[in-house]
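> No sequence on hand, only this structure:
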């Protein structure tokens, strides 16, 4: 009832104010539908968020599979090295593992599904600001860094795994289920023959800061990544 009353009041005062109010009203109602999901495999509870017509996990996956996982895991004992950072950032997976690791009823998003999210949030140039968490991102003093998290996606800058854990605070990066369309020629073992191989898959990245104004800290960009590297997984509901 309060919302209706405010709407009528602002309409009387002027159309410009009404549109501003409606913008805020729609933002609250479209982005703030939070819930939780229990992964029956290990009992872990994940926050979820409805963004437009899509329902996303609002935190990175942290399920430990038999292989293909990086980040805060001792591969010999499969015991957590750092439970604080595991809870904060989740785990990283190689691409093949990432396609299978989401729980039943959820899956790794495709380029098309990431694109729909991006469009709903206003396009790739501004979506990142609405996806980034309000804490944890490096700020070099130029006014970027943390986001508004208006979407409830709560993206954290966990970096990536490429022979080691890199760029915490600077980047957040997530797998797509879609392959990169580029074919790459690779030397065969005998050094003579050559063959084509898809080495890369698509991924999506958020940046802490403006780097020579391109990319910007508010941008959400698709890039290609070697499949053997380790990135985070955000599951989307089937």
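Yep, that arrived. Here the structure is a predicted model, which is why all the values come from computation and not from measurement.

> can you give me the helices for the chain?
Here the chain has its helices, by DSSP state H, at 2-13, 15-31, 83-89, 95-98, 111-120, 124-131.

> what's the span of stretch 53-68 from first residue to last?
Using Cα to Cα, to the nearest Å, the span of stretch 53-68 from its first residue to its last is 31 Å.

> Need the mean per-residue confidence for that stretch.
For stretch 53-68, the mean per-residue pLDDT is 94.

> What residues of it count as buried?
Within stretch 53-68, the residues that count as buried by 16 or more other Cβ atoms under 10 Å are 55-63, 68. Yep, even glycine has a C-beta here, placed from its N, CA and C like the rest.

> Okay, and which of the residues you listed map to strands?
Among these, the members found in strands (DSSP state E) are 55-57.

> can you put these in JSON lines and add distance to residue 34?
Formatted as JSON lines, those follow (distance: Cβ to Cβ, whole Å):
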{"residue": "55", "distance to residue 34": "10"}
{"residue": "56", "distance to residue 34": "11"}
{"residue": "57", "distance to residue 34": "11"}
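
> which among the residues you listed gets closest to residue 156?
Proximity of those to residue 156, judged by Cβ to Cβ, is greatest for residue 57, which lies at 12.6 Å.

> Give me the spatial nearest neighbour of residue 39, chain neighbours excluded.
Closest residue to residue 39 apart from its sequence neighbours, by Cβ to Cβ, 6 or more residues apart in numbering: residue 103 at 4.8 Å.

> so where's this protein uncertain?
Segments of the chain classed as low confidence (criterion: pLDDT under 70) are 1-33, 71-84, 142-143, 181-198, 211-214.

> before we move on, the earlier item: now, which of the ones in strands among the buried residues of stretch 53-68 sits nearest residue 122?
Checking those against residue 122 by Cβ to Cβ gives residue 56 as the nearest, at 16.6 Å.

> mind listing what the closest one touches?
Counting by Cβ atoms under 8 Å, 6 or more residues apart in numbering, residue 56 touches 48-50, 117, 153, 234-237.

> Restricted to strands, list those.
48-50, 236-237.

> Which of these lies at the shortest distance from residue 170?
The shortest approach to residue 170 among those belongs to residue 49, at 24.1 Å (Cβ to Cβ).

> what's around that closest one, how many residues?
Using other Cβ atoms under 10 Å, residue 49 is surrounded by 20 other residues.

> Can you tell me how far it is from residue 97?
Going from residue 49 to residue 97 by Cβ to Cβ, to the nearest Å gives 24 Å.

> Centroid-nearest residue for the protein?
The chain has residue 174 as the residue nearest its centroid, 5.1 Å off, counting by Cα atoms, centre = their mean.

> Any idea what that one is bridged to?
Note on residue 174: beta-bridge partners residue 204, residue 232, judged by DSSP bridges.

> right, and it touches residue 234 too?
Yes. Counting by Cβ atoms under 8 Å, residue 174 does reach residue 234; the two are 5.2 Å apart.

> Report the set of residues contacting both of the two.
The contact sets of residue 174 and residue 234 overlap at residue 60 (Cβ under 8 Å, 6+ apart).

> wait, what's in contact with the residue nearest to the centre of the chain?
By Cβ under 8 Å, 6+ apart, the contact set of residue 174 is 60, 203-205, 231-234.
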